[in-house]
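Participant: Need the 3D shape of this:
(one chain, ligands or ions: 2)
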Amino acid sequence: MISLQPFPNSFNTQKHHHPKNKPKTSTTAIKSLLQYNRKPQLAGDTPRVVVITSGKGGVGKTTTTANVGLSLARLGLSVVAVDADVGLRNLDLLLGLENRVNYTLVEVLNGDCRLDQALVRDKRWSNFELLCISKPRSKLPIGFGGKALVWLVEALKDRQEGCPDFILIDCPAGIDAGFITAITPANEAVLVTTPDITSLRDADRVTGLLECDGIRDIKMIVNRVRTDMIKGEDMMSVLDVQEMLGLALLGVIPEDSEVIRSTNRGFPLVLNKPPTLAGLAFEQAAWRLVEQDSMQAVMMEEEPKKRGWFSFFGG
Ligand SMILES: Nc1ncnc2c1ncn2[C@@H]1O[C@H](COP(=O)(O)OP(=O)(O)OP(=O)(O)O)[C@@H](O)[C@H]1O
Ligand SMILES: [Mg+2]
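Facilitator: Ligands and ions are numbered 1, 2, ... in the order given. Take a look at the predicted model:
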């Protein structure tokens, strides 16, 4: 039994959009997902400053930043990923770059080093750079806040090699000062949630705070989805999540043990060969992020044995 559940053609999803009102899916829509044979068209002004946030901790913000970031770099776009998780940073570990971080933004602002010394170039993709805000287990100096990140964005714009296409900010958990600092320079947000009620409640709260801060372009990634549990009605479906949050869907990432394996190896999942389901899902999310409203995301809910998750990715 196959049912096609089309998501809106653009990210201009209205709040509490009812599935009945959604446009009908056609084979063209499905084909539009098979876009590996072309380059994505970058929409919007650069740098696109995107904060990856969630409210609840441990739902996959850093995993998303690493995998979407490297996917963007593989698509030929220049990316600076900023680890804004003060004291508890781990984006460097996920990327396998921990030994290369000598300086952080705090040292740059103190005048102890230049910005380019704090930017760590990825070993595999030279158009991907990492910047950590501070040293592990350190505290931010008094007065360090959103303005520091606004300065950073301006400094990256003025760099000799040109302004990056994307600045991705990996936000810390919670909604305190670290969160405010991380969202300040952003003009778009990717909200990561898992399909459980605690994560959704925090995501809804964060959506309100982002909107208050003037960030209206908010897309969500639903992470750690298990079709077997959805079928057994033990987990909320992606449509339920979309109904509850009323946000445009950027991606649906299945629960995948490869994610944990790749985290521990410091080798982001999207670089795995052959690609895994979660890796493909992160790549798709990166595509949608680049093209903004020109893609049609199509979700098919069906028995996993027949076509499973590949259906979502147009495979
Ligand atoms: N799709 C997935 N399948 C399986 N495991 C996952 C998936 N996504 C994330 N994880 C695991 O969940 C854990 C938390 O992920 P991650 O560090 O990305 O979350 P976070 O939101 O950044 O956490 P924090 O709030 O502490 O910064 C990691 O061990 C990661 O490997
Ligand atoms: Mg994190």
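
Participant: gap between residue 280 and ligand 1?
Facilitator: Counting by Cβ to the nearest ligand atom, to the nearest Å, the gap from residue 280 to ligand 1 is 12 Å. (Glycine included, C-beta is placed from N, CA and C.)

Participant: and that residue, how many neighbours does it have?
Facilitator: 23 (other Cβ atoms under 10 Å).

Participant: any idea which element it lies in?
Facilitator: helix 277-291 (DSSP states H and E).

Participant: just residue 195 next, same as before
Facilitator: Counting by DSSP H and E, residue 195 is part of no helix or strand.

Participant: residues in contact with it?
Facilitator: 222, 224-225, 230, 235-238, 240-241 (Cβ atoms under 8 Å, 6 or more residues apart in numbering).

Participant: again, only this time at 6 Å
Facilitator: 222, 235-236, 241 (Cβ atoms under 6 Å, 6 or more residues apart in numbering).

Participant: For it, grab phi and psi.
Facilitator: Backbone torsions for residue 195, taken as degrees, to the nearest 10, come to phi -80, psi 60.

Participant: what do you get for residue 129?
Facilitator: Per degrees, to the nearest 10, the backbone of residue 129 is at phi -130, psi 150.

Participant: Please name the bridge partners of it.
Facilitator: residue 80, residue 121 (DSSP bridges).

Participant: burial of the closest residue to residue 291 other than its chain neighbours, as a residue count?
Facilitator: Computed as Cβ to Cβ, 6 or more residues apart in numbering, the closest residue to residue 291 that is not its neighbour in sequence is residue 40, at 5.1 Å. Residues within reach of residue 40, counting by other Cβ under 10 Å, total 19.

Participant: Confirm residue 40 sits in a helix?
Facilitator: No - secondary structure of residue 40 (DSSP: H, G, I helix; E, B strand; the rest coil): coil, not part of a helix.

Participant: Show the model's pLDDT score for it.
Facilitator: Model confidence at residue 40, expressed as pLDDT, equals 84.

Participant: Residue 280 now?
Facilitator: Here the pLDDT value assigned to residue 280 is 93.

Participant: Okay, it and residue 274: tell me how far apart.
Facilitator: Distance of residue 280 to residue 274, computed by Cβ to Cβ, to the nearest Å: 10 Å.

Participant: And residue 72, by the same measure?
Facilitator: Distance from residue 72 to residue 274, by Cβ to Cβ: 21 Å.

Participant: more neighbours, the two?
Facilitator: Using other Cβ under 10 Å as the criterion, residue 72 and residue 274 rank with residue 72 on top: 31 against 6.
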